[in-house]
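In: Could you look at this predicted model? Sequence included:
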Amino acid sequence: MDNLVNKMSLYMDAGFPIIYIETFEEDKVKQIVQEASGNREILEWNVRGLFYNKTDEKREGLSLIEALNNFADKDAMDNEKFAQRFNLERRILLVKDAYELLDDPKVVAQLKFLSEEIVSGNLKDANIVIVSSQLKVPKNLEHYITTLPLDIMEVADIEDVIRNFCEEENISEPMEDFLKELAFAFKGLSEFEIKNILALAVTNDGVIDRADLVLVHEHKRQLVQKSGIMEMVQVKEKISDIGGLENLKKWLESKARVFKHIDRAKEFGVDVPKGVLIAGLPGCGKSLNAKAASSLFGVPLLRMDMGRLMGKYVGESESNMRRAIQLVEAISPCVLWIDELEKAFAGISSGGGGSEVTTRLFGIFLTWMQEKEGMAFVVATANNISHLPPELLRKGRFDEIFYVGLPTPMERAKIFQIHIKKRKQPVDSIDIQMLVKETEGYSGADIEGVVKEAVEQAFVEQLSNIKPSPITTKHILMAIKNTASLSKIMKEEIETMSKEYSDRHFKNASY
Ligand code: ATP
C-alpha cells in the first residue's frame, strides 16, 4: 500500500489532473487518497450526493454533472445552492459510482474543462480521483486521465488480514502452517473478498479450517465466470488420450513433476515452469495437449480468448488484459491456455499492421511472461507462427517451443487405436497396419473423423440386427476413401510451415 501512496502523491504533486483507480475497494482507495493528499481536503461525490469530509457537510441528491458545473463555474459559488463555497482549489475530488456517467458527454466535457484548468494552473493544487471497479476512459479525456492499478496483496499482507479478522471476531487464529496455506490460496483476491469469505467460513461452523479452502476455490471459479473475459474449461482429456507426440508428452510430464513439488524444486535451484508454445498443423493435437496438460498438472484450465479482451473504450483492452492476468494469478496454480496465439499477436513489430492496442496488449503479456514467478503454466497454441513477433519466440518467454507435424505411421497406428477404443469397438480384429498405409498425410483429427464415420456406418447398416457386430477394417477403409487428407487440402501451407519449423530449429513434438 505504501507503494501506491507514494505513486499517488507523486502524480498529484506533478499536477496530473485525473487519477483513475480501478478497484472495488473504495475504502482502501479513500485511505490511500487521504495519505497521499498531504494536508489537502477531500470532497467526495457518490450516487447520494456531494460530501465534504472535513465538516461533515453534504449536498444530498446533487448529481455529478451539477457538482462538476459548480466547480467549473466560479460564479456558482455565490449561488444560493452553493453558498458554502464548494471550490476545488487545494482540494481533491474523489468520485465514486461514475462508471455509467462517463458515457454522458456533458460530464466528460466538464471533466475536460476542469482538467485543463488544473493543467494550466488556473485551478491550483486540485486533483480528481475516480474510483471504479471497471476502467472506462472516454476518448476526450485520454490525455488527462492517468490510471493506477491497485497493488496485488502479498502473502504476508494477507496473513495480517486473516490475523486481524480473527482478532476482531474473537476466534482463534489458524495454526502457522495452515495460515500460510490459506493466505496463499487467497492470493489474487482483494481485501474485501478475503474478509467476505472469512465471514462466510465463520458463519458456517464458527471456525476457519482446511474445509474452508473449498470456499476460496469456489469463489475463484465464480470470479472467472463473472469476469466474462476468460473461461474455465472442463477437462476430461488425459495424457493417455494422445497418440504419439512422445517428446512433448515426456517434456510435459517432467514439468508436471516440478510443478507438483515446487517448494523442493525451488530449494534445489529449479525455476518455476513458465510455459510452452505448441505450434503446428491444424488437427494434430495442439489443443488436446493443452487440455491434457491441465489433467497432468492436476490444476484447472483457464482459456484466454484475445477477442474477448478487446474493448471499445480507450484503455479498456489493456485494462481487460491486466484483469485477466490478475485473475490468472488469483486462480493459480492453473494452466493458462492461449489458443490461436497468432490471431492475437500477429503482425506486431514486423510491420504487419498490428494496431497500437494489440501492441500494448502484447507488451503487457510479454512483461508478465518474462517476470512471472507464480504457478500459472502457460500453454499457447498456434497454427501459423510466421507472423508472430520474434520477441515472443525468444528464449526466456516460453520454456520451450514445440511443433507438431502430421503424425508418423507409428503415431497414426496409436491414434487409430485410441479412437476405436474410445468408441467402444474392439481393436484386435482391425488391421491397423493396413489403415496406417492408407492414411499417409492424414491428421489426428482426420483419423478421428474416419473412425467416427465408420462406426456410424456400421451401426446404420445393421440397424435391423438386434445386436449389431462391431466395425471391421472394411468400414474404416471406406471412410478413409470418403475423407480428403489434411495434406491434400493444405498441401502448400504444410510445405511452407514444415520448412519454417525446421529452419527455426523448434523441437519436434514426436521424436
Ligand atoms: P486446431 O489448430 O485446428 O485447433 P489442434 O492441433 O488444436 O487443431 P486438436 O483440437 O488437438 O487439434 O485435435 C482435434 C481432434 O483430433 C482432437 O480432439 C483429437 O480427438 C484428435 N487428435 C488430434 N491429434 C491427436 C493425437 N495425436 N492423438 C489422438 N487424437 C488426436
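Out: Looks like it arrived, so ask away. Residues are numbered from 1 along each chain as shown.
In: Now the element after the helix or strand that contains residue 27, going C-ward?
Out: Element membership of residue 27, judged by DSSP states H and E, is helix 26-36. With elements assigned by DSSP H and E, the helix or strand that comes after helix 26-36 is strand 41-46.
In: Could I get the CA-only coordinates of that next one as PDB?
Out: Extracted as PDB, the C-alpha positions of strand 41-46 are listed here (Å, rounded to 0.1, in the frame of the first residue of the first chain):
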ATOM      1  CA  GLU A  41      -9.100  18.500   2.000                       C
ATOM      2  CA  ILE A  42     -11.100  15.800   0.300                       C
ATOM      3  CA  LEU A  43     -14.600  16.200  -1.300                       C
ATOM      4  CA  GLU A  44     -16.400  13.100  -2.200                       C
ATOM      5  CA  TRP A  45     -19.100  12.700  -4.800                       C
ATOM      6  CA  ASN A  46     -21.100   9.500  -4.900                       C
END
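In: any idea of the mean pLDDT in that strand?
Out: Averaging pLDDT along strand 41-46 gives 91.
In: can I have the helix holding residue 27 written out in PDB, keeping just the CAs?
Out: What follows is helix 26-36, C-alpha atoms only, in PDB (Å, rounded to 0.1, in the frame of the first residue of the first chain):
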ATOM      1  CA  GLU A  26     -13.300   2.100  -2.300                       C
ATOM      2  CA  ASP A  27     -12.500   2.400   1.400                       C
ATOM      3  CA  LYS A  28      -8.900   1.400   0.700                       C
ATOM      4  CA  VAL A  29      -8.700   4.000  -2.000                       C
ATOM      5  CA  LYS A  30     -10.100   6.700   0.300                       C
ATOM      6  CA  GLN A  31      -7.400   5.800   2.800                       C
ATOM      7  CA  ILE A  32      -4.700   6.000   0.100                       C
ATOM      8  CA  VAL A  33      -6.000   9.300  -1.200                       C
ATOM      9  CA  GLN A  34      -6.000  10.700   2.400                       C
ATOM     10  CA  GLU A  35      -2.500   9.600   3.000                       C
ATOM     11  CA  ALA A  36      -1.300  10.900  -0.400                       C
END
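In: show me what contacts the residue in the stretch 401-511 of the chain positioned nearest to the ligand?
Out: For the stretch 401-511 of the chain, the residue closest to the ligand is residue 444, as judged by CB to the nearest ligand atom, at 2.1 Å. Bear in mind the C-beta positions are built from the backbone N, C-alpha and C, glycine included. Residue 444 is in contact with 243, 283, 284, 285, 288, 407, 411, 415, counting by CB atoms under 8 Å, 6 or more residues apart in numbering.
In: The helix holding residue 27 to strand 41-46, inter-axis angle?
Out: Put simply, helix 26-36 runs at 160 degrees to strand 41-46, going by axes from the mean of the first three to the mean of the last three CA atoms, to 10 degrees.
In: just checking, what packs against helix 26-36?
Out: Helices and strands touching helix 26-36, by 3 or more CB pairs under 8 Å, 6 or more residues apart in numbering; DSSP states H and E, are helix 2-13, strand 41-46, strand 91-95, strand 127-132.
In: ok now the helix or strand where residue 247 lies, how far from the chain's centre?
Out: For residue 247, the enclosing helix or strand under DSSP H and E is helix 246-260. The chain centroid and the centroid of helix 246-260 are separated by 23 Å under CA atoms, centre = their mean, to the nearest Å.
In: near the ligand, which residues of this protein show up?
Out: Within the chain, the positions near the ligand by CB under 6 Å from any ligand atom are 242-245, 282-288, 381, 383, 415, 418, 444-445, 448.
In: So for the helix holding residue 247, what gets flagged as buried?
Out: Neighbour-count burial for helix 246-260, with 16 or more other CB atoms under 10 Å as criterion, is recorded at 248, 249, 251, 252, 255, 256, 258, 259.
In: State the distance from the third one to residue 385.
Out: In other words, residue 251. 18 Å (CB to CB, to the nearest Å).
In: Mind checking what helix or strand follows the lengthiest helix in the chain in sequence?
Out: The helix that spans the most residues within the chain, counting by DSSP state H, is helix 444-461. Downstream of helix 444-461, the first helix or strand assigned by DSSP H and E is helix 473-482.
In: what does that next one contact?
Out: Here helix 473-482 has contacts from 416, 429-431, 434-435, 438-439, 442, 449-451, 453-455, 457-458, using CB under 8 Å, 6+ apart.
In: List the contacts of residue 313.
Out: 135, 136, 137, 138, 139.
In: rewinding a little: least confident of the buried residues of helix 246-260?
Out: Among these, pLDDT bottoms out at residue 259, giving 87.
In: excluding its backbone neighbours, what's nearest that one?
Out: Spatial nearest neighbour of residue 259, excluding adjacent residues (CB to CB, 6 or more residues apart in numbering): residue 297 at 5.3 Å.
In: what's the spacing between that neighbour and residue 235?
Out: 10 Å.
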